[in-house]
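Trainee: missing the sequence, but the structure's below:
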Ligand SMILES: [Zn+2]
C-alpha cells in the first residue's frame with residue numbers, strides 16, 4: 001500500500017509524473033449511475049474539491065501551500081476548498097508540519113475513519129462481502145457459501161440479507177461498490193455473458209441492488225474494479241496509463257488511459273477474455289467466438305489441463321482455485337517427484353505464454369505504461385511472469401515492449417472484494433459533495449431522507 005499514512009516528519013512534496021488532473025473524474029455518467037440523477041454541482045468547484053482529495057489520498061499529509069502549488073490554485077482558493085472538506089469530515093488537520101522554515105504550516109490529511117464502504121465481489125462461484133474505510137482498510141469480510149448455477153437466487157437473497165444487516169449496524173457506510181463478471185452492460189444492469197454459469201445472466205444487478213437501497217450502489221465489471229483498486233492501493237508512482245489483466249475464474253481487462261477508465265459504447269470494451277488467439281483451430285467459446293483467450297488461461301481452463309495431465313493428486317475433486325494453487329506450489333518445489341515437478345513447470349510456462357499473448361494484444365491495443373497481472377493467475381509467480389514477458393519481448397515492437405512494465409499484483413488475491421469497494425471509493429473522491437448529503441457534517445452517519453434530496457453547492 002502506498003504512503004498515505006500519517007508520518008511524524010512529512011517531507012516536502014516533489015511532483016513526479018503522476019498528475020492529479022489524470023484522476024478526476026474517473027468514470028462517465030452512465031444512464032444507470034445513481035449520481036447522474038442528482039442536482040448538478042458547480043463543475044469547477046466540485047472538480048477542485050475532488051482534485052484536492054485525490055492529492056491528499058495519493059501524497060498523504062500536505063500543507064495548504066503544497067496543495068495550492070501542486071494543483072495550480074491560489075492559497076485563498078485552497079483555504080476555502082479545504083474548509084469545506086474539513087467541515088464535511090473527510091479532511092482533518094494534523095498539526096504543525098516540521099521542516100517548514102518560513103511561516104507556520106499546518107498539515108492536512110484524509111480522515112478515512114468515518115466514511116465506510118461495502119464491497120461485494122460476484123465471481124461466478126464465489127461471493128464475498130467486505131466493509132472498508134476510505135483508505136481501503138478492511139473492517140470485516142464475509143465469505144458467502146459457494147455458489148453453483150442452481151443456487152444463484154439463494155446467493156442473491158443471502159447477499160441482500162448481509163448488506164441490510166451491515167447497513168443497519170454501521171451508519172457510516174455511505175456507498176456500495178459491486179464487481180461483477182464482464183461484459184457488464186451499463187445501460188441494462190445485466191452481465192452479457194458469464195461463461196460456465198449462465199444463470200448469472202438473468203440477474204439485473206442494478207434493479208436487484210440499486211433500487212430502494214438507502215446508499216448509492218455502483219456496479220462495475222470485475223477487471224475495471226481491479227484496475228481502480230490498483231490505482232488506489234497498488235503503490236504506483238504513475239497510474240495515468242495502466243492495464244489490469246485479471247486471470248481468475250474468468251479472464252478480463254481493465255484499462256485506465258489518461259486517468260479515465262476505458263468503456264466503449266455499452267461498457268463492454270476491453271473484453272480481453274473473448275479476443276481470439278486462434279481464430280481457425282481454436283477451442284469453441286461460449287461467447288460464439290473461437291479460440292478465446294479465456295479458453296486457455298482462465299482458472300477453469302488451467303484446472304482442465306491439470307486434470308488431463310494428472311499431476312496434482314485428487315485435482316478433479318478440487319475447486320479451480322485449489323487446483324491452480326496446488327499446481328503453482330508443485331512448480332515451485334525444489335525437491336520431490338522430479339517428473340511431476342517438471343510437468344508442472346512446463347504447464348505453468350505454457351499458461352505464461354498464453355498470458356503473454358494477452359499482453360501482446362494489450363500493448364498493441366492500448367500501449368499502457370504498466371500491465372499488472374492479477375487474481376489467481378498471478379499466484380503463478382515469476383515462472384509465469386517470465387514466460388509472458390518473453391512472448392512480449394519476442395512479438396511486440398521493441399520500443400513499445402521495452403517501455404511496458406509487466407508485474408504481478410502486489411495486492412492479496414482476495415483483493416477482488418477490495419476492488420469492488422474501490423469502485424465506490426473512487427466515486428467518493430470524484431464527487432465528494434454528493435456524499436456530503438448522505439453523511440452530513442456533524443452527523444453520526446447516514447440521513448436516509450437526504451440521499452435523494454437536492455445537494456446544495458455553497459462554495
Ligand atoms: Zn469467448
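Mentor: Now that the structure is in, tell me what you want to look at. Quick caveat: nothing in here was measured; it's all calculated off a predicted structure.

Trainee: Going by neighbour count, list what's buried in the host helix or strand of residue 66.
Mentor: Element membership of residue 66, judged by DSSP states H and E, is helix 64-71. Within helix 64-71, the residues scored as buried using 16 or more other CB atoms under 10 Å are 64-68, 70-71. The way it works is simple: take the backbone N, C-alpha and C, and place the C-beta from them, glycine included.

Trainee: what residue ranges in this structure are flagged as low confidence?
Mentor: 1-41, 99-103, 413-415, 441-442, 444, 446-459 (pLDDT under 70).

Trainee: run the last query once more with 80
Mentor: 1-43, 98-104, 182, 193-196, 237-239, 412-416, 436-459 (pLDDT under 80).

Trainee: Show me which residues of it sit near the ion.
Mentor: Contact residues (CB under 5 Å from the ion) of the chain with the ion: 274, 285, 287, 289, 292.

Trainee: what sits against the first one?
Mentor: Listed by CB atoms under 8 Å, 6 or more residues apart in numbering, the contact set of residue 274 reads 183, 193, 285, 287, 289, 292-294.

Trainee: Please report how far it lies from residue 253.
Mentor: 10 Å (CB to CB, to the nearest Å).

Trainee: now the second one
Mentor: Here the distance between residue 285 and residue 253 works out to 16 Å (CB to CB).

Trainee: Can you give the domain ranges for the chain?
Mentor: Using automatic domain parsing, the domain parsing of the chain gives 20-110, 116-227+415-441, 238-408.

Trainee: Go through the ones you listed and pick out the most buried.
Mentor: domain 116-227+415-441 (a mean of 21; mean count of other CB atoms under 10 Å).

Trainee: Now find how far off-centre that domain is within its chain.
Mentor: Computed by CA atoms, centre = their mean, to the nearest Å, the chain-centroid distance of domain 116-227+415-441 equals 12 Å.

Trainee: Make sure residue 56 is actually in contact with residue 91.
Mentor: Yes: between residue 56 and residue 91 there is a contact at 6.5 Å, judged by CB atoms under 8 Å.

Trainee: what touches both of those two?
Mentor: Joint contacts of residue 56 and residue 91 (CB under 8 Å, 6+ apart) are 108-110.

Trainee: Let's see which of those end up in strands.
Mentor: 108-110 (DSSP state E).

Trainee: Residue 230 is in contact with residue 239, correct?
Mentor: Yes: contact between residue 239 and residue 230 holds when scored by CB under 8 Å: they sit 7.3 Å apart.

Trainee: nearest to residue 318, of the shared contacts of residue 56 and residue 91?
Mentor: For the shared contacts of residue 56 and residue 91, the closest approach to residue 318 (CB to CB) belongs to residue 110, at 41.9 Å.

Trainee: The closest residue to that closest one other than its chain neighbours and residue 138: what is the separation?
Mentor: Counting by CB to CB, 6 or more residues apart in numbering, residue 110 lies nearest to residue 56, which is 4.9 Å off, once chain neighbours are set aside. As judged by CB to CB, residue 56 and residue 138 stand 21 Å apart.

Trainee: Repeat that for residue 177.
Mentor: 14 Å.

Trainee: How about residue 182, nearest residue that isn't a chain neighbour?
Mentor: Residue 182 sits nearest to residue 221 (CB to CB, 6+ apart), 3.7 Å away.

Trainee: Which residues lie in contact with that neighbour in this structure?
Mentor: Contacts of residue 221 (CB under 8 Å, 6+ apart): 179-184, 252, 254, 267.

Trainee: Check residue 81 too.
Mentor: 45, 48-49, 52, 73, 459.

Trainee: repeat that for 7 Å
Mentor: Residue 81 makes contacts with 48-49, 52, as judged by CB atoms under 7 Å, 6 or more residues apart in numbering.

Trainee: How about residue 341?
Mentor: 330-331, 333 are the contacts of residue 341 under CB under 7 Å, 6+ apart.

Trainee: what separates the helix or strand containing it from the chain centre, distance-wise?
Mentor: Per DSSP H and E, residue 341 falls inside helix 338-366. Helix 338-366 sits 24 Å away from the centroid of its parent chain (CA atoms, centre = their mean).

Trainee: Which helix or strand lies directly C-terminal to it?
Mentor: Counting by DSSP H and E, the next helix or strand C-terminal to helix 338-366 is strand 370-374.

Trainee: what's the closest of the shared contacts of residue 56 and residue 91 to residue 82?
Mentor: For the shared contacts of residue 56 and residue 91, the nearest to residue 82 is residue 108 (6.0 Å; CB to CB).

Trainee: Is it correct that the closest one is in contact with residue 91?
Mentor: Yes: counting by CB atoms under 7 Å, residue 91 is a contact partner of residue 108 at 5.5 Å.

Trainee: Can you check which residues contact both of the two?
Mentor: When CB under 7 Å, 6+ apart defines a contact, the residues bordering residue 108 and residue 91 alike are 56, 82.

Trainee: which residues does the nearest residue to residue 427 once chain neighbours are set aside contact?
Mentor: Excluding its sequence neighbours, the residue lying closest to residue 427 (CB to CB, 6+ apart) is residue 218, at 5.5 Å. Counting by CB under 7 Å, 6+ apart, residue 218 touches 175, 177, 423-424, 427.

Trainee: Repeat the analysis, applying 6 Å as the threshold.
Mentor: Contacts were defined as CB atoms under 6 Å, 6 or more residues apart in numbering; by that measure residue 218 touches 177, 423-424, 427.

Trainee: rewinding a little: show the subsequent helix or strand relative to the helix holding residue 66.
Mentor: helix 75-87.

Trainee: immediately after that following helix, which helix or strand?
Mentor: strand 91-96.

Trainee: Describe which strands that following strand pairs with in its sheet and in which direction.
Mentor: strand 106-110 (antiparallel) (DSSP bridges).
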